[in-house]
Structure formats: C-alpha cells, structure tokens
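J.: The following block contains a protein sequence and its predicted model.
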Amino acid sequence: QVQLVESGGGLVQIGDSLRLSCVASGRTFSSYAMGWFRQAPGKEREFVAAISGGSVITIYADSVKGRFTISRDNAKNTVYLQMPSLKAEDTAVYSCAAAATPYQRPTSRIVDYSSWGQGTQVTVSS
C-alpha cells in the first residue's frame, strides 16, 4: 500500500488557475501509474487524468483534455495536476490514486487503482 496526501485545492474564481499536488510514500513511486479523479456533490467519482510511471503516457478525460496537465516528479514522489482556466463545473473534491500493480499502463478505470488520498476541495465560483 502507498499513502497519498493531496494539497493545493481552494476557492477560486472562474478563469483562475490551481495546481494540485499529491505526495506518495510507502513504495517505489516511479513504478506505478498515478491518476487524478474528482467527485462533485451528488455525482459519482469520475476520472480526470492519469500518467505512467515514467511519464511517457498521459491520458485525460474529454472534459479536461487540452486544458488540464498531469505531470510527476519521481525524485519528489509527487504527481501534479495543473488546472488553468477553471470553470464552475470543475468544482469537486479531487483525489489522487496509485495503480494497483507496477508497470501498469495508466487507465481511467477506478478499479485499476488501489490506493487513494483523502482528497482536496476545489471550488470555482463566479
């Protein structure tokens, strides 16, 4: 198991930017794909973005493709989610997740991730 701690959320206005961070501990970080998911009030958790262990592969949900950027720094055991041009519909609790098996390709499926952080709230207001 790996422990994950997110930070960087907050209350911002439409059009503002945020960068979320997720620090991992407990196992070899660089061997595992990492993902970001979000859950808005009254909705199911949904996929946002994921990245392979070596940063070669990144995938995004259609709703954020071309706007959000996922990256990682394996030396710091940290994965990031850069979120510019925020919209009201981006309001949610954002959680990072670590893949269940090493060297797994990043996926959008919740079942492929075995460790989850507590989440960080992102609120975008007008």
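T.: Everything's here; your move. Residues are numbered from 1 along each chain as shown.
J.: Work out for me the element the residue nearest the centre of the chain sits within.
T.: Taking Cα atoms, centre = their mean, the centroid of the chain lies closest to Trp36, which sits 2.1 Å from it. Element membership for Trp36, per DSSP states H and E: strand 34-39.
J.: Following element in sequence after that strand, please.
T.: Moving toward the C-terminus from strand 34-39, the next helix or strand (DSSP H and E) is strand 46-51.
J.: Sheet-wise, list the partners of that following strand with their directions.
T.: If you go by DSSP bridges, strand 46-51 pairs up with strand 34-39 (antiparallel), strand 58-60 (antiparallel).
J.: tell me the contacts of Leu86?
T.: Applying Cβ atoms under 8 Å, 6 or more residues apart in numbering, we find Leu86 in contact with Val12, Ile14, Gly15, Asp16, Ser17, Leu18, Val122, Val124. Yep, even glycine has a C-beta here, placed from its N, CA and C like the rest.
J.: Among those residues, which pair sits farthest apart?
T.: The two members of those with the most space between them (Cβ to Cβ) are Gly15 and Val122, at 13.9 Å.
J.: Beta-bridge partners for the closest residue to Ser7 other than its chain neighbours, please?
T.: Using Cβ to Cβ, 6 or more residues apart in numbering and skipping residues adjacent in sequence, the residue nearest Ser7 is Ser21, 5.2 Å away. In this entry, Ser21 is beta-bridged to Ser7, Tyr80, by DSSP bridges.
J.: Neighbours of Ser21, how many?
T.: Neighbour count of Ser21, defined by other Cβ atoms under 10 Å: 17.
J.: Check Gly117 too.
T.: 21.
J.: And for stretch 7-15, what's in contact with it?
T.: With Cβ under 8 Å, 6+ apart as the test, stretch 7-15 has contacts from 18-23, 85-88, 94, 120-126.
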